[in-house]
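Engineer: structure, please.
(one chain, ligands or ions: 1)
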Amino acid sequence: MSLHTHTFTSADELVSVFSQRIADTLKQAISEKGKASLVVSGGSTPLPLFKALCSRPVDWSKVTITLADERWVDNQDAASNEKLVRENLLQDKAAAARFVALKTQHDNAEDGVDELTRTFEDVGLPFDIVILGMGEDGHTASLFPCSAQVEAGLDLNSPAMLIATQPTTAPHQRMSFTLKALVSSAHVFLHLTGQKKLDVLNDAIENASELEKPIKAVCDKATVELMWAP
Ligand SMILES: O=C(O)[C@H](O)[C@@H](O)[C@H](O)[C@H](O)COP(=O)(O)O
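Structural biologist: Have a look, this model is predicted:
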């Protein structure tokens, strides 16, 4: 589809504008439907965004927050995206939001797919906002080019909304929303900082296949707003 790039002079400016934009979009969804959904990514990039967003005046009690992907670790583990969100986003005003975890009690992520699918059938897709990150290998969510599951995760003909993945170049088994679930969202944002990631994104779009750089599939199949600062 298309990529719309918003370039900021600093990560601080990006966070300020982006958190306001997210808040406004949530408010709009709440005014139209009485509720809103927000899907965030883990990793290190979103931390300052979470800290700014949680104090924005939104009726957070009407907002459901979940993750684009999760590492299959205990929710007290330092690698847990749920832990990151609980400690940094579900704070201040946003403490009133409902959080839906992407981790079950199953030992193996594959065994958690059915339960999570039922959970998200109840939550209801499409989501209002999805905020994606990207790794330097071109992965997004936990759709890793190195994983055996990448083709299935990008298959728009599959009805699956969630997939268990096993990266070979990063730790932990993962649970990830599929490309189909992610690009069905009303607003798809890509949040990147640093020249290196911008170069990876541009290279992916211009030179790679979707299986080589899954972020390319997102940009091909959705209208993506890139929020980028050096
Ligand atoms: O759980 C995760 O690891 C992610 O959701 C992942 O897709 C992340 O967004 C990228 O790896 C970028 O991570 P950084 O922001 O740490 O570079």
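Engineer: which stretches of the protein form helices?
Structural biologist: For the chain, applying DSSP state H gives helices covering 11-33, 47-53, 81-88, 109-123, 150-154, 179-183, 195-207, 214-221.
Engineer: any idea how far Leu38 is from Ile30?
Structural biologist: 11 Å (C-beta to C-beta, to the nearest Å). C-beta: built from backbone N, CA, C; applies to glycine.
Engineer: tell me which of those two has more neighbours.
Structural biologist: Leu38 (25 against 18; other C-beta atoms under 10 Å).
Engineer: and the chain, which residues reach the ligand?
Structural biologist: Taking C-beta under 6 Å from any ligand atom, the part of the chain that reaches the ligand is made up of 41-45, 68-69, 71, 81, 133-135, 139-141.
Engineer: of those residues - the most surrounded one?
Structural biologist: Ala141 (30 neighbours).
Engineer: so who does that one touch?
Structural biologist: Residues in contact with Ala141 (C-beta atoms under 8 Å, 6 or more residues apart in numbering) are 41, 68-69, 132, 176-177, 182.
Engineer: in JSON lines, list the helices of the chain along with mean pLDDT.
Structural biologist: As requested, those are exported to JSON lines (pLDDT from 0 to 100):
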{"stretch": "helix 11-33", "mean pLDDT": "98"}
{"stretch": "helix 47-53", "mean pLDDT": "98"}
{"stretch": "helix 81-88", "mean pLDDT": "98"}
{"stretch": "helix 109-123", "mean pLDDT": "98"}
{"stretch": "helix 150-154", "mean pLDDT": "98"}
{"stretch": "helix 179-183", "mean pLDDT": "98"}
{"stretch": "helix 195-207", "mean pLDDT": "97"}
{"stretch": "helix 214-221", "mean pLDDT": "98"}
